[in-house]
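[1] This is a predicted model, with the sequence first.
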Amino acid sequence: MLKLAGAAGAINGEMAMMESLWGFKRAGADGILTYFALEAARKLNA
(Lines give C-alpha, C1' and ligand atoms only; values in the text may rest on other atoms or scores of the structure.)
Protein backbone atom coordinates (compact mmCIF):
# COMPACT_ATOMS: atom_id res chain seq x y z
CA MET A 1 0.00 0.00 0.00
CA LEU A 2 2.84 2.38 0.81
CA LYS A 3 4.56 1.75 -2.52
CA LEU A 4 1.33 2.29 -4.46
CA ALA A 5 0.43 5.47 -2.57
CA GLY A 6 3.97 6.78 -3.04
CA ALA A 7 3.94 6.02 -6.76
CA ALA A 8 0.57 7.79 -7.10
CA GLY A 9 1.94 10.85 -5.33
CA ALA A 10 -0.59 10.60 -2.50
CA ILE A 11 2.17 10.36 0.15
CA ASN A 12 5.93 10.69 0.40
CA GLY A 13 6.71 6.99 -0.05
CA GLU A 14 10.23 7.15 1.38
CA MET A 15 9.13 8.95 4.53
CA ALA A 16 6.16 6.62 5.00
CA MET A 17 8.42 3.58 4.64
CA MET A 18 10.88 4.84 7.25
CA GLU A 19 8.10 5.90 9.64
CA SER A 20 6.49 2.46 9.46
CA LEU A 21 9.84 0.81 10.24
CA TRP A 22 10.61 3.22 13.10
CA GLY A 23 7.13 2.53 14.49
CA PHE A 24 7.99 -1.16 14.87
CA LYS A 25 11.25 -0.21 16.59
CA ARG A 26 9.48 2.18 18.98
CA ALA A 27 7.04 -0.60 19.81
CA GLY A 28 9.96 -2.71 21.01
CA ALA A 29 10.66 -5.01 18.08
CA ASP A 30 14.09 -6.62 18.15
CA GLY A 31 13.96 -7.41 14.45
CA ILE A 32 11.82 -6.51 11.46
CA LEU A 33 11.21 -8.64 8.37
CA THR A 34 10.13 -6.45 5.49
CA TYR A 35 10.06 -6.07 1.73
CA PHE A 36 11.67 -2.66 2.35
CA ALA A 37 14.89 -4.17 3.77
CA LEU A 38 17.25 -3.28 0.91
CA GLU A 39 15.68 0.12 0.33
CA ALA A 40 15.83 1.00 4.03
CA ALA A 41 19.43 -0.22 4.34
CA ARG A 42 20.46 1.96 1.41
CA LYS A 43 18.77 4.99 2.94
CA LEU A 44 20.33 4.42 6.37
CA ASN A 45 23.82 4.08 4.87
CA ALA A 46 23.48 7.20 2.73
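    Arrived safely. Numbering: from 1, shown residues only.

[2] contacts and neighbour counts: CA atoms only from here.
    OK.

[3] quick one, what contacts the residue nearest the centre of the chain?
    The chain has Met17 as the residue nearest its centroid, 2.2 Å off, counting by Cα atoms, centre = their mean. Going by Cα atoms under 8 Å, 6 or more residues apart in numbering, Met17 touches 2, 36, 40.

[4] how about 10 Å then?
    2-3, 6, 23, 36, 39-40 (Cα atoms under 10 Å, 6 or more residues apart in numbering).

[5] Tell me which two in those residues are the farthest apart.
    Farthest apart among the contacts of Met17 by Cα to Cα are Gly6 and Gly23. That separation is 18.3 Å.

[6] what about those two, which has more around it?
    Comparing Gly6 with Gly23 by other Cα atoms under 10 Å, the one with more neighbours is Gly6, at 16 against 12.

[7] I'd like the distance from that one to Ala40, if you could.
    From Gly6 across to Ala40, the span is 15 Å (Cα to Cα, to the nearest Å).

[8] try Met17
    Distance of Met17 to Ala40, given as Cα to Cα: 8 Å.

[9] right, and Ala40 touches Glu14 too?
    Yes: the pair Ala40 and Glu14 qualifies as a contact (Cα atoms under 10 Å) at a distance of 8.7 Å.

[10] Show me which parts of the longest helix seen in the chain are buried, residue by residue.
    Ranked by residue count, the top helix of the chain under DSSP state H comes out as helix 13-26. For helix 13-26, burial by neighbour count (16 or more other Cα atoms under 10 Å) applies to 13, 17, 21.

[11] Fine by me, we can end here.
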